[in-house]
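**Q** please work out how this folds:
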Amino acid sequence: MAETASLARPYVRAIFDIAQPQGELAAWSDQLALIKAVTEDPQVKALEGHPRVSADQLAGLVIGVCGDGIGSQAANLVRLLASNRRLSVCGEIAAQYERRRAEAENTVEAELESATELDETQKRQIAAALEKKLRRSVKLDCTTNPDLLGGAVIRTGDWVYDGSVRAQLANMAAALKA
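**A** Okay, here's the model as predicted:
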């Protein structure tokens, strides 16, 4: 994992240096997501290490499958990755790029896991409270998990708020054992 992250970092930096001044951060997100999806396909992965498939053939295949979904600069990226035998790091490149984009746009993605389905008003209130606390624009991704018994768990980056009944019961049990 650390090696993959290290391999991806210079590509991400270069992509970002191209995308940001041109105002194409969102377009590159879409292109990288498409390239990632194609390169993570099991059939494409099998061809990546095949001795009879050249880097040019592999790049041509990926670019062909992506079609009009990628521009010439993204196609050049695919060619470069294929020639360096680095297509396997496309997933990490896309992930690092999204983190860097969120940082540049002062946004954060938060996962909200609640015991019951929340209505839109509750979601807006939670997002507003998170925006105030984190001083960033928040994109909330909500899921329901009845195992929480009640309350919610919010995760964003390294920060976790566990306000679930399950966590409160675990804390009470630990306190009673002490």
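
**Q** show me which residues of the lengthiest helix in the chain are buried.
**A** Across the chain, the longest stretch assigned as helix under DSSP state H is helix 2-22. For helix 2-22, a neighbour-count test (16 or more other CB atoms under 10 Å) marks 4, 7-8, 11-12, 15-16, 19 as buried. All C-beta spots, glycine's among them, are computed from the backbone N, C-alpha and C.

**Q** tilt between the helix or strand just after it and helix 2-22?
**A** Toward the C-terminus, helix 2-22 is succeeded by helix 25-39 as the next helix or strand (DSSP states H and E). Between helix 25-39 and helix 2-22, the angle comes out at 140 degrees (axes from the mean of the first three to the mean of the last three CA atoms, to 10 degrees).

**Q** what is helix 25-39 packed up against?
**A** Judged by 3 or more CB pairs under 8 Å, 6 or more residues apart in numbering; DSSP states H and E, helix 25-39 is in contact with helix 2-22, helix 42-48, helix 55-66, helix 72-83, helix 90-104.

**Q** is it possible to get JSON lines of those that adds mean pLDDT?
**A** Output for the helices and strands packed on helix 25-39, formatted as JSON lines (pLDDT from 0 to 100):
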{"stretch": "helix 2-22", "mean pLDDT": "93"}
{"stretch": "helix 42-48", "mean pLDDT": "92"}
{"stretch": "helix 55-66", "mean pLDDT": "96"}
{"stretch": "helix 72-83", "mean pLDDT": "96"}
{"stretch": "helix 90-104", "mean pLDDT": "93"}
